[in-house]
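*Asks:* I would like the atomic coordinates for the input below:
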Amino acid sequence: MFTCLRRLAVPAFVLAAVSLTLLMPDAAHAADQLNSGDTAWIITATALVLFMTLPGLALFYGGLVRSRNVLSVLMHCVAVACLMSVLWLIIGYSLAFTDGGGANKIIGGLDRMFLAGVGADTLSGTIPENVFFSFQMTFAVITPALMVGAYVERIKFSAVLWISALWLIAVYAPVTHWVWGGGWLADMGVMDFAGGLVVHATAGVSSLVIVKALGARQGFPNDVAPPHNPGMVAMGACMLWVGWFGFNGGSQLAADGGAGMALTVTHIAAATASLVWMFIEWRAYGKPSLVGMVTGTIAGLATITPASGFVGPLGALIIGVAAGVICYKMVQVVKQAWNLDDSLDVFAVHGVGGSLGTLLVAVLCTPAFGGLGLPEGATVGSALGVQATGLVATVVWSAIVSLIIVKIVGGITGGIRVTEDDELEGLDITNHGETAYRLD
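*Replies:* Next comes the predicted model:
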């Protein structure tokens with residue numbers, strides 16, 4: 001064909017254009033093509049996010065409690081991971097990521113129950129849909145697992161399972177649909193790259209509701225035992241730090257520069273918040289603690305999460321400082337001013353951190369701070385309004401529905417709290433018939 005065109009004296013630039021047209025696939029067709037690089041990265045990110053819960057979060061939380069309750073915390077994390085995985089397959093994924101039909105922008109449909117219609121060659125963008133399902137499943141696993149830290153050492157195991165199951169369906173799936181599944185917040189243009197609203201705000205607010213209903217541990221606030229194994233805490237936190245690269249970097253759903261920048265800003269925010277928390281504690285108490293420093297790490301990671309796909313390194317630095325200062329202060333506010341025994345600071349670190357990052361992204365995503373810029377037609381003020389709307393809606397929904405769930409589960413289990421004797425003896429032996437440490 002090119003020989004014929006040359007014989008007709010067609011100009012060279014026309015020949016070049018024809019060549020490019022023939023060599024380049026149709027744009028719509030290209031968008032549906034499997035990309036092996038993207039697929040490999042999301043498979044890796046899926047493993048990293050599951051690593052955050054098993055074993056990262058389990059060790060982090062396990063080290064923070066008394067030695068007589070460490071196995072109960074590990075049991076909670078593992079059991080929640082298993083239960084959420086099955087529920088995600090049965091109904092959670094479908095409710096979160098399918099079209100609800102008509103004008104419904106609140107919840108998805110049932111088209112993908114049990115992954116109906118998903119085969120080995122079914123794609124979601126440039127990756128297999130089963131890989132996307134699995135990646136999102138790890139988010140559904142870790143979010144209710146985060147809540148475990150708020151009510152450790154005094155809750156019935158059966159209540160943990162019931163609360164987590166109902167919460168996934170009634171809180172997590174709807175909010176996920178609102179933000180990532182084509183729901184009403186997505187239509188508004190809310191920015192939540194990896195879960196400031198979907199993961200951290202929902203878990204933080206819901207955990208505080210459960211804490212209020214459950215009541216404080218015996219001895220709170222003046223006689224609460226320190227972490228039984230700070231080394232375990234640090235190991236778990238470091239695993240969370242590494243796994244968070246999959247959490248945030250994987251949310252790009254591609255192996256590209258956007259994923260690379262998400263990894264970069266995630267690390268910068270975590271490192272900055274760790275140092276800020278350490279120096280605040282050092283000044284306040286005269287000694288920097290390992291537990292305090294790695295708590296700052298988690299605060300920085302939670303706060304950068306919604307912004308990680310939109311900000312640059314300078315924005316990450318600012319977010320890290322803000323996370324270290326504000327989350328540290330909120331730990332004191334929750335336990336001292338509000339007198340709520342959020343045992344492992346889930347609300348102060350995750351709820352406040354995720355909410356803070358959700359609001360800050362409206363400012364720090366601008367080019368002045370090295371960010372990618374605001375959505376087309378948006379101003380800082382309008383973007384902040386959208387972010388605030390998303391945050392208020394998420395907080396209100398999570399709080400109200402969680403309160404209803406607690407009431408329902410209390411009726412099913414005869415109360416969600418263990419007996420006073422069981423609490424004193426420890427949940428490891430009374431609930432699970434095992435002990436973590438044997439010295440004979």
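
*Asks:* so where's the protein shaky on pLDDT?
*Replies:* 1-32, 440 (pLDDT under 70).

*Asks:* Grab the longest helix from it for me.
*Replies:* helix 380-413 (DSSP state H).

*Asks:* How far does it sit from its chain's centre?
*Replies:* 15 Å (Cα atoms, centre = their mean, to the nearest Å).

*Asks:* Then stretch 319-338?
*Replies:* Counting by Cα atoms, centre = their mean, stretch 319-338 comes out at 19 Å from the chain centroid.

*Asks:* buried ones in that stretch?
*Replies:* 319-328, 330-331, 334-335 (16 or more other Cβ atoms under 10 Å). Quick note: C-beta positions are derived from backbone N, CA and C, even for glycine.

*Asks:* Please name the nearest non-neighbouring residue to Ala96.
*Replies:* Closest residue to Ala96 apart from its sequence neighbours, by Cβ to Cβ, 6 or more residues apart in numbering: Thr176 at 4.0 Å.

*Asks:* can you confirm the one you found is in a strand?
*Replies:* No. Assessed by DSSP: H, G, I helix; E, B strand; the rest coil, Thr176 does not belong to a strand; its assignment is helix.

*Asks:* That one against Val199, yeah?
*Replies:* No. Counting by Cβ atoms under 8 Å, Thr176 stays clear of Val199, with 9.1 Å between them.

*Asks:* Mind listing the shared neighbours of the two?
*Replies:* By Cβ atoms under 8 Å, 6 or more residues apart in numbering, Thr176 and Val199 have these common neighbours: Phe139.

*Asks:* Which parts of the chain are strands?
*Replies:* All strands of the chain, identified by DSSP state E, fall at 123-124, 127-128.

*Asks:* Let me have these in JSON lines, extended by distance to Thr53 and mean neighbour count.
*Replies:* Listed next are these as JSON lines, based on distance: least, Cβ to Cβ, whole Å; neighbours: other Cβ atoms under 10 Å:
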{"stretch": "strand 123-124", "distance to Thr53": "23", "mean neighbour count": "18"}
{"stretch": "strand 127-128", "distance to Thr53": "22", "mean neighbour count": "22"}
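
*Asks:* Among those strands, which comes closest to Thr413?
*Replies:* Among those, the nearest to Thr413 by Cβ to Cβ is strand 123-124 (37.9 Å).

*Asks:* what sits up against that closest one?
*Replies:* 32-34, 129, 131-132.

*Asks:* Produce a PyMOL select command limited to the buried residues of the residues you listed.
*Replies:* Buried residues within the contacts of strand 123-124, by 16+ other Cβ under 10 Å, are selected in PyMOL with:
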select buried, resi 129+131+132
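
*Asks:* Return the closest of the contacts of strand 123-124 with respect to Glu376.
*Replies:* Out of the contacts of strand 123-124, the member with the shortest distance to Glu376 (by Cβ to Cβ) is Asp32, at 25.0 Å.

*Asks:* any idea how far the most centrally placed residue in the chain is from Asp256?
*Replies:* For the chain, the residue nearest the mean C-alpha position is Val199 (3.8 Å; Cα atoms, centre = their mean). Distance of Val199 to Asp256, given as Cβ to Cβ, to the nearest Å: 23 Å.

*Asks:* Ok, Met75 next?
*Replies:* Taking Cβ to Cβ, one finds Met75 at 39 Å from Asp256.

*Asks:* and these two? which has more neighbours close in?
*Replies:* Met75 (20 against 13; other Cβ atoms under 10 Å).

*Asks:* for the more buried one, what are its contacts?
*Replies:* 157, 431-432.

*Asks:* circling back to that earlier point, mind putting the contacts of strand 123-124 into CSV with distance to Leu275?
*Replies:* As requested, the contacts of strand 123-124 are arranged in CSV below (distance: Cβ to Cβ, whole Å):
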residue, distance to Leu275
Asp32, 45
Gln33, 44
Leu34, 42
Glu129, 41
Val131, 36
Phe132, 36
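
*Asks:* Return the member of the contacts of strand 123-124 nearest to Thr98.
*Replies:* Using Cβ to Cβ, the contacts of strand 123-124 come closest to Thr98 at Glu129, 11.2 Å.

*Asks:* Without its sequence neighbours, what residue ends up closest to the closest one?
*Replies:* Glu129 sits nearest to Thr122 (Cβ to Cβ, 6+ apart), 4.5 Å away.

*Asks:* got a list of what the one you found touches?
*Replies:* Shown in contact with Thr122 (Cβ under 8 Å, 6+ apart): 128-130.

*Asks:* any idea which of these is closest to Ser67?
*Replies:* Asn130 (41.1 Å).

*Asks:* so the closest one touches Ala120, yeah?
*Replies:* Yes. Here Asn130 lies in contact with Ala120, judged by Cβ under 8 Å, at a distance of 7.3 Å.

*Asks:* the more surrounded of those two?
*Replies:* Shown here are Asn130 and Ala120; by other Cβ under 10 Å, Asn130 has more neighbours (16 against 7).

*Asks:* burial measure for the nearest residue to that one once chain neighbours are set aside, as a count.
*Replies:* Nearest non-adjacent residue to Asn130, counting by Cβ to Cβ, 6+ apart: Val118, 5.8 Å away. Val118: 17 surrounding residues under other Cβ under 10 Å.

*Asks:* which stretch among the strands of the chain comes nearest Thr419?
*Replies:* Nearest to Thr419, of these and by Cβ to Cβ, is strand 123-124 at 47.7 Å.
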